[in-house]
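S.K.: A predicted structure for the sequence below; I have some questions about it.
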Amino acid sequence: MTKITAAEVNNLRKTTGAGMMDCKKALVEAEGNFDLAIEILRKQGQKVAAKRADRESTEGAAIAIVNADNTEGAVIVLGCETDFVGKNESFVNLAKELAQRALNSSSKEALMNADFGGITVQEKLIEQTGVIGEKIELSAFEKISAPFVGSYIHSGKIATIVGLSAKVDGAEEVAKDVAMQAAAMNPLALNENSVDQSVIDKEIEIAKDQLRQEGKPEAMLDKIAEGKIKRFFKDNTLVNQDFIKDSKVSVAKYVKSIGDVEVVDFKRVALG
């Protein structure tokens, strides 16, 4: 039998993240061939992934990242099955490495096909499924570009990015505050124009049904429902919401406090 040294086992462990015993078994099976041992571990990951494909990956790590000049941002969720794995340092570091690659990817599909140390991200996730023993998947990917992009992460469970229309003094603090607002209040859309018409129609119908049950005259329904829709926009669109740090002003008005600036985009991802 080929003699496997501790140094070889340790090298394979550093390369793949697999446990010491799994690395030793793979090297023994591969008769000391390092590349073949890696392949054996990847096939092990494929088997685990197939077995756990129907599991829910509602835990994990939500990551937000912005490029060096604050003109692009990305948010991802790397999902797993348990909170224990989701808080593991190596798992979080993997999520951060994926987020870094997300900045250079145009879509989720492009990210899954991006290079990760000689293999694709997709293959890396399968490999790590075998290492960790849980279903691992990229469950969310969003990206924006703007003159200034800021970000916020809440407890590793919610990640947001916000785009402002100009890079001015105070933009960093304001973008972070608005990203925090998006994380806390989970707005449906950026503004009134961003709300899908089918959602508006449904809300109008709900409002009218409530008014009929209250005995309001049919002739008054449209006018009263119009007021309810305005309230719906105020509660559910980011720029119209009351600012969480000062409820006397809207988010849009708060952003204007640093100049002729407005929020042009945002993305929010969360576990589960």
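M.R.: In hand now; what should we look at? Residues are numbered from 1 along each chain as shown.
S.K.: Can you show me the helices along the stretch 151-272 of the chain?
M.R.: Taking DSSP state H, counting those that start in this stretch to define them, one finds helices in the stretch 151-272 of the chain at 171-185, 197-213, 221-236, 251-256.
S.K.: no wait, the stretch 1-150 of the chain
M.R.: Under DSSP H, counting those that start in this stretch, the stretch 1-150 of the chain gives helices at 6-16, 20-29, 34-51, 83-86, 89-102, 108-112, 121-132.
S.K.: and residue 178, which of the ones you listed is closest to it?
M.R.: Residue 178 sits nearest to helix 89-102 of all these, at 20.0 Å, using C-beta to C-beta. Yep, even glycine has a C-beta here, placed from its N, CA and C like the rest.
S.K.: average model confidence for the closest one?
M.R.: Averaged across helix 89-102, the pLDDT comes to 95.
S.K.: re the thing from before, mean neighbour count, the helices of the stretch 151-272 of the chain: which tops it?
M.R.: Highest mean neighbour count of the helices of the stretch 151-272 of the chain: helix 171-185, a mean of 21 (counted as mean count of other C-beta atoms under 10 Å).
S.K.: Other residues contacting that one?
M.R.: 64, 70, 148-152, 154, 158-164, 187, 238, 241, 243-245, 251, 254-255, 257-258, 261, 263, 266, 268 (C-beta atoms under 8 Å, 6 or more residues apart in numbering).
S.K.: quick one: which of those sit in strands?
M.R.: Of the contacts of helix 171-185, the ones assigned to strands by DSSP state E are 64, 148-152, 154, 158-164, 243, 263, 266, 268.
S.K.: Now, of the residues you listed, which are buried?
M.R.: Neighbour-count burial (16 or more other C-beta atoms under 10 Å) is assigned, among the ones in strands among the contacts of helix 171-185, to 64, 148-152, 158-164, 243, 263, 266, 268.
S.K.: Could you list the low-pLDDT ranges of the protein?
M.R.: Flagging of the chain using pLDDT under 70 yields the residue ranges 1, 48-49.
S.K.: hang on, residue 95 packs against residue 79?
M.R.: No: using C-beta atoms under 8 Å, residue 95 is not in contact with residue 79; the gap is 9.6 Å.
S.K.: How many neighbouring residues does residue 118 have?
M.R.: 9 (other C-beta atoms under 10 Å).
S.K.: got it, and residue 249?
M.R.: Neighbour number of residue 249 under other C-beta under 10 Å is 14.
S.K.: I'm done for today, thanks for sticking with me.
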